[in-house]
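J.: Could you look at this predicted model? Sequence included:
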Amino acid sequence: MRNVLKAAHLKAVTKKKKPLLSIKHKQRRLAFVLAHQHWTVENWKCIIWLDETKINRIESDGKIYVWKKKGDGLTDREVNEAIKFGGGSLMVWSCMGWNGVAMLAEVEGKMNAEQYVDILNDHLLPSLAESGIDEEDIIFEQDNDPKHTSRRAREWFEEHNINVLDWPAQSPDVNVIEHLWRTLKKKLQAYENPPKEVWER
């Protein structure tokens, strides 16, 4: 069967992953686009973008590619030295706006709604005061992670009169802070020797 398929110039490829979208998801995506299609740069300047990310002390979780000539033997440049158990990692939280980045917070263990609200109190509020955005104009963007949408978190936003952007479920990850995380990790990987500690207190 494989030979017949090859003779027909067919080849096996890996299936691409994409969000499983229901009709409701598509409708909410369309509604979001229509509601924000006329937003100007000034509107988007009011957004505070947040997210968490994992930073590895030594190696990446994903594949690392290098260029080499066909037939060349293995060189040190093509080896990613690994340590058992990954060498240590750190989960961090931060947010950013038009005028810059905010305070960086360490996530202890697996973040739940209570720790999330503690971080908002201790790190988000001081950052908002320095954001340069009028308090009544601030709009908060977060994904639909359960701790972000928990009753405790919703109550916190209501108590502090913070508007939260209605982000549709199963949306593409277009949070601009992802670019910040990518830059941060590239800077850390550029050091010749990895840090001995993942978080200096």
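T.: Okay, I see it.
J.: Which helix or strand lies directly C-terminal to the helix or strand harbouring K6?
T.: According to DSSP states H and E, K6 maps onto helix 2-7. Note on helix 2-7: by DSSP H and E, the next helix or strand toward the C-terminus is helix 23-36.
J.: for this protein, what spans make up the strands?
T.: Secondary structure of the chain by DSSP state E: the strands cover 47-56, 89-97, 100-101, 105-107, 139-141, 163-164.
J.: any chance of these in TSV, plus mean pLDDT?
T.: TSV is the format used below for the strands of the chain (pLDDT from 0 to 100):
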stretch	mean pLDDT
strand 47-56	89
strand 89-97	89
strand 100-101	88
strand 105-107	91
strand 139-141	91
strand 163-164	92
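J.: Ok, which of these comes nearest L188?
T.: strand 47-56 (6.8 Å; CB to CB). In this view, the C-beta of every residue, glycine as well, is placed from N, C-alpha and C.
J.: Give me the packing partners of the closest one, helices and strands only.
T.: Judged by 3 or more CB pairs under 8 Å, 6 or more residues apart in numbering; DSSP states H and E, the packing partners of strand 47-56 are strand 89-97, strand 139-141, helix 177-189.
J.: Pull out the buried residues from it.
T.: By neighbour count with 16 or more other CB atoms under 10 Å, strand 47-56 contains the buried residues 47-53, 55-56.
J.: now, among those, which is nearest to P146?
T.: The closest of these, once distances to P146 are taken by CB to CB, is E52, at 13.1 Å.
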